[in-house]
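In: Quick one: sequence plus predicted model below, questions after.
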Amino acid sequence: MRDAVRAPAGPIVGRRTSRVRRFLGVPYAEAPVGVRRFAAPVPLSRFTEPYDASRHGAISQAVPLFATTTIPEPSVPGEDVLNLSVVAPVDGEGCPVLVWIHGGGFLAGSPASPWYDGRSFARDGIVTVTVGYRLGVDGFAPLDGVPANLGLRDMLLALDWVQENIAAFGGDPARVTLAGQSAGGAAVLALLSSPAAEGGFQRAVSISGGLFEVGRDTARGFLERLGDRLAVPPTREGLGGVAVERLQGAVRDLRGGETLVLGPVTGDDVLPVAVAEGLARHGLDVPLLLGATGDEFDGDREETGGAAPELTRVTDLATGPARAAGSGAWSAARAAGSRVTDTLFRSACPRVARSRRKAAAGTWLYSFEWPSPVTGGATHCVDLPFFFDLLDVPGVREALGQRPPAELAALMHADLVGFVHGRPPSWTPASGGPGDPVREYGRPGAEPAVDTTGGYDPVVPSDAEAC
C-alpha cells in the first residue's frame, strides 16, 4: 500500500507492507548534468508536490564492468543518479540508522542490488539508507578546475540529507552508522579519516575495504590514455563532452588488468592527507568494525566479483603456484601474505587498527572464513548475504550454493545489528599489534562464530607503514 511522509525535503510517497516501509530513489541533490556534471553536488530544492518513491532511481553505472558479477547489479537509466533509498520498520521511531555505500571499484556497482535490501535490518529496528554516488571519471577523475573526490562529496551530501530528514522515516540522526563493502568499505575509511565528515556519523563498518587512495599521477596517466582512446583532451571540457555510457565503456575497455585506476585522491579539503594518517587524527570517537574475507580474490575459481572486479585478472598470478603445489604450499602462501587478498585487503586491517591505536572508541576486527562451494573459498562478496541475513534473494544460491548456513547468517547479522544499535562487540578491541583479537566467522571445523587471536599477524605492518 502507499505510504506518505512529510520530511524537510518535502512530501515523499513510498510503499509499505505489514512489516517494512520502502522509499526508493529519493534525490538528495540536483542531477549532475550540464554545468553540474563535474561540480560539487548541489542540495536539491524542497519537493513542492509529493515525490513518487515507489521504484529505484537512476544508477550512475551505465556500463557494468562484466556481463556477470557475483552481486546482482542492475543499472537504471536516467540523469538523477544522486539519489538514495530508505527501508524502515513500520511504526519505528528513534531507530538507529545504517547508511550503506556499495562497492564496485569506484567504477561500477549499484545501490539497487537485492543483496542490499534492508528488510532484515528493519525487522531488527534499524532504518537502512542505500546511497548512489558518481562513479568512474565523473566521480573520481582529478581534473584541473574540478573539485577532487566528487564521489566522496556526494556521500557527504547524502549524510547531510540523512541528518536533516531521517527522523521523518523513524530514524535517529544522532545514531548513524556508515557502512560499506569493498570500494564502499574503502570510502568508509576515507570519510572516517576526513575532517569534512566529522559529526556526520557516529559508528563505522568497513567490510573488505582498504586504504585505496589512487595517486594523482597514476590517475592522470590513465586519463591521458583515455583521452587518446576517445580522441578528446583529458580535461573537464574534453571528457565532459563524452556521453557517460561511452565514457564508462572506454574505461572498461582500457582498464584491462590494472587494479585501481580511479578512486579517492589526497591533497584536498576532503582528504588532505593519506587515509592511514588521517585515521590517526580524525574519527577517534567513532567505533569501527573492520574485517575481510579469508580469500577475497584468491578462491579456486576466478570470479568477476561485483564489488571490485578490476582485481580478478591478477588472481592466477598470486595463487596459481601455491594451488598447484598443494594445500601446504597454499597455507604457507596465505601466512606469508603473498596473495592478492593479503596485499590489498587483509593488510589494511592491522594498519587501520594501528593508526587508530589511540582511539578511545575502539576498533574491532573480524575475519570471514566460510568457503563457498561455488567460488572455492571465502571469497569477495560472499559474506554480504550473511551480514544482511538475506539468503533467499536473487543471486545468492548461484554464489553460495544450495544450502548456505542460516545459523551463520543469524550470528553475523546479530553482531552487526548489535553494533548499529550501539552495543560494543563481545570481543576485545584491536591495537594493530601481534595477537590482536579477531572474531572468525564460519571457519571449517569450528563453531559458526569464534573469537581467536592473531588472525592478522602475518601482515602486521611496521611503524613506518602504519601512518
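Out: Structure's in. What do you need? Residues are numbered from 1 along each chain as shown.
In: for the stretch 301-450 of the chain, what are the low-confidence residue spans?
Out: Applying pLDDT under 70 to the stretch 301-450 of the chain flags residues 301-341.
In: Show me the strands in it, by range?
Out: 363-368, 437-441, 449-453 (DSSP state E, counting those that start in this stretch).
In: How far off centre is the longest one?
Out: This points to strand 363-368. 16 Å (CA atoms, centre = their mean, to the nearest Å).
In: again with the second one
Out: Strand 437-441 has its C-alpha centroid displaced from the chain centroid by 21 Å (CA atoms, centre = their mean).
In: what helices or strands is it leaning on?
Out: Packing contacts for strand 437-441, counted by 3 or more CB pairs under 8 Å, 6 or more residues apart in numbering; DSSP states H and E, involve strand 363-368, helix 406-420, strand 449-453. C-betas here are computed from N, CA, C, even on glycine.
In: Could you say which one of those comes nearest to residue 128?
Out: helix 406-420 (9.4 Å; CB to CB).
In: Can you list the buried residues in that closest one?
Out: If you call a residue buried by 16 or more other CB atoms under 10 Å, then helix 406-420 has these buried ones: 408, 409, 410, 411, 412, 413, 415, 416, 417, 419, 420.
In: angle of it against strand 437-441?
Out: Counting by axes from the mean of the first three to the mean of the last three CA atoms, to 10 degrees, helix 406-420 lies at 140 degrees to strand 437-441.
In: I would like the residues contacting helix 406-420, please.
Out: 96, 98, 120-121, 124, 126, 177, 203, 205, 287, 289, 366, 368, 370, 383, 385-389, 391, 425-426, 439, 441-442, 448-449 (CB atoms under 8 Å, 6 or more residues apart in numbering).
In: 6 Å instead?
Out: Residues outside helix 406-420 that contact it (CB atoms under 6 Å, 6 or more residues apart in numbering): 96, 98, 124, 126, 177, 289, 386-387, 389, 391, 441-442, 448-449.
In: same check, this time on stretch 36-47
Out: Contacts of stretch 36-47 (CB under 6 Å, 6+ apart): 10, 27, 29, 30, 82, 146, 147, 153, 154, 157, 236, 240.
In: Pull the most distant pair out of the residues you listed.
Out: 10 and 236 (32.1 Å).
In: Quick check, central residue of the protein?
Out: residue 184 (1.8 Å; CA atoms, centre = their mean).
In: In which helix or strand does residue 18 reside?
Out: When elements are assigned from DSSP states H and E, residue 18 belongs to no helix and no strand.
In: That one: how many residues sit nearby?
Out: Neighbourhood size, residue 18 [other CB atoms under 10 Å]: 6.
In: which stretches of the stretch 101-250 of the chain form strands?
Out: Under DSSP E, counting those that start in this stretch, the stretch 101-250 of the chain gives strands at 127-131, 171-181, 203-207.
In: Identify the residues contacting residue 180.
Out: The neighbours of residue 180, taking CB under 6 Å, 6+ apart as the test, are 101, 187, 188.
In: Please name the nearest non-neighbouring residue to it.
Out: residue 101 (3.3 Å; CB to CB, 6 or more residues apart in numbering).
In: I figured that neighbour hits residue 184, correct?
Out: Yes: if you go by CB atoms under 6 Å, residue 101 and residue 184 touch, sitting 3.6 Å apart.
In: on that earlier part again, so the residue nearest to the centre of the chain sits against residue 104, correct?
Out: No: using CB under 6 Å, residue 184 makes no contact with residue 104, being 8.0 Å away.
In: before we move on, back to that, of the helices and strands packed on strand 437-441, which approaches residue 77 most closely?
Out: Residue 77 lies closest, by CB to CB, to one member of these: helix 406-420, at 32.6 Å.
In: Please list the outside residues in contact with stretch 49-58.
Out: Taking CB under 6 Å, 6+ apart as the rule, stretch 49-58 contacts 11-15, 23-26, 76, 78, 80-81, 83, 112.
In: Any of those residues buried? List them.
Out: 12, 13, 14, 23, 24, 25, 26, 76, 80, 81, 83, 112.
In: May I see these organised as CSV, with pLDDT added?
Out: As requested, these are exported to CSV (pLDDT from 0 to 100):
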residue, pLDDT
12, 98
13, 98
14, 98
23, 98
24, 98
25, 98
26, 98
76, 96
80, 97
81, 98
83, 98
112, 97
